[in-house]
Each structure stands twice: as C-alpha cells, then as structure tokens.
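> Could you work out the structure for the sequence below:
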Amino acid sequence: MEGCRDALGGNGVDFLKIPFEKTERLKVYRQQEAEILQHTAVFAVSDFYAVEFIRYLQERGIGVPKDLSVVGFDDSPLCNYCMPGLTTVRQDASDRAKAAISVLKNLKMGTEERIVVKLPVFLVERKSVKKLNREEGSDERETFL
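A predicted model of the protein is given here:
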C-alpha cells in the first residue's frame with residue numbers, strides 16, 4: 001500500500017484514504033462526491049471496495065463507466081458478479097504467498113532492515129472502464145484514487 005501511495009503522489013495523482021467502517025466510508029463518498037466526479041477514474045485498493053463504490057454511484061444515478069471509470073485490485077470472483085463487470089488488477093496469489101513467507105522467515109531470523117517486495121501485476125479488462133480518446137474532444141479530467 002505504501003508503495004502505491006508513494007507512486008501515485010509522486011505522479012500528481014490524488015489519494016483518498018477511506019475508513020474501514022462501511023457507514024463512515026459512505027459518508028466520505030458523499031462528502032467527496034463532487035471532487036471525485038472531477039476525475040475520470042477511481043482505483044480502489046480491493047475489488048470489494050470497488051464493487052461497493054460502483055453500487056454507491058449507481059444508486060445516485062452516476063453511470064459506470066459512462067460518468068466515471070472504476071478499477072479494483074485482486075481479481076476476486078466479485079468482478080464477474082457486478083454490473084458492469086469490474087476491471088481489476090491481478091497479482092498472482094502464489095507469488096504473494098511466497099513473498100510473505102520469505103518476509104516472515106527474515107523477521108524470524110531477526111532481520112532489522114526494511115524489506116521491500118515488488119511483484120508483477122496484470123490488468124484484467126472488463127466493462128467498468130471507459131476508453132478515452134484524447135484526439136476526439138475527449139474527457140480531460142484526471143484520474144483519482
């Protein structure tokens with residue numbers, strides 16, 4: 001998460017931290033809605049949050065991807081059960097597990113240095129993202145996280 005936040009901030013992309021509690025998240029969505037809609041897309045840290053956000057938008061009459069694109073992370077089964085199907089970023093679960101075990105072994109051995117793990121990711125395209133064509137009077141809003 002820290003690497004994602006650093007990369008986004010370093011490239012001028014807004015990062016909105018949302019609460020764990022659902023009622024508090026919905027308050028943040030309502031409070032930030034006008035700001036969020038100034039952007040072309042939202043990237044959620046999990047498919048669960050992305051699907052929840054799509055539902056919030058749809059209940060308010062905001063079209064996905066017509067008015068706002070939404071992307072999740074995990075490629076969970078939820079992606080196929082929401083409408084539109086959720087575009088997501090997938091990371092191999094076995095690679096994550098191997099990396100986690102390696103980190104735990106290092107911690108057990110008393111390694112005090114900070115451990116940074118970088119794993120490849122893959123974009124799984126479904127229907128929650130609008131294709132932007134910058135040449136034909138496209139949408140000039142920025143991406144929001």
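> hey, let's count contacts and neighbours off CA atoms from now on
Noted.
> now the helix or strand containing K27, how far from the chain's geometric center?
Assigned by DSSP states H and E, K27 belongs to helix 22-36. How far helix 22-36 lies from its chain's middle: 16 Å, per Cα atoms, centre = their mean, to the nearest Å.
> Can you list the buried residues in stretch 41-52?
A41, V42, F43, A44, V45, S46, D47, F48, Y49, A50, V51 (16 or more other Cα atoms under 10 Å).
> Would you list the phi and psi of the third one?
It refers to F43. The phi/psi pair for F43 (degrees, to the nearest 10) reads phi -110, psi 120.
> Any idea what it is bridged to?
With DSSP bridges as the criterion, F43 is bridged to V71.
> quick one, what contacts S76?
D47 (Cα atoms under 8 Å, 6 or more residues apart in numbering).
> Next step: the buried residues of stretch 41-52 restricted to helices.
If you go by DSSP state H, the buried residues of stretch 41-52 have D47, F48, Y49, A50, V51 in helices.
> which one of those residues sits closest to E59?
When these are ranked by distance to E59 (Cα to Cα), V51 comes first, at 12.3 Å.
> Give me the pLDDT for the closest one.
With respect to pLDDT, V51 scores 97.
> Hmm, it is touching P84, no?
No. Counting by Cα atoms under 8 Å, P84 is not a contact partner of V51; they are 9.6 Å apart.
> re the thing from before, going by distance to L119, which of the ones in helices among the buried residues of stretch 41-52 wins?
The closest of these, once distances to L119 are taken by Cα to Cα, is D47, at 18.4 Å.
> State the number of residues packed around the closest residue to that closest one other than its chain neighbours.
Using Cα to Cα, 6 or more residues apart in numbering and skipping the chain neighbours, the partner closest in space to D47 is G72 (4.4 Å). G72: 25 surrounding residues under other Cα atoms under 10 Å.
> do Y56 as well
By other Cα under 10 Å, neighbour count at Y56 equals 15.
> Please report phi then psi for it.
Torsion angles, degrees, to the nearest 10, at Y56: phi -60, psi -50.
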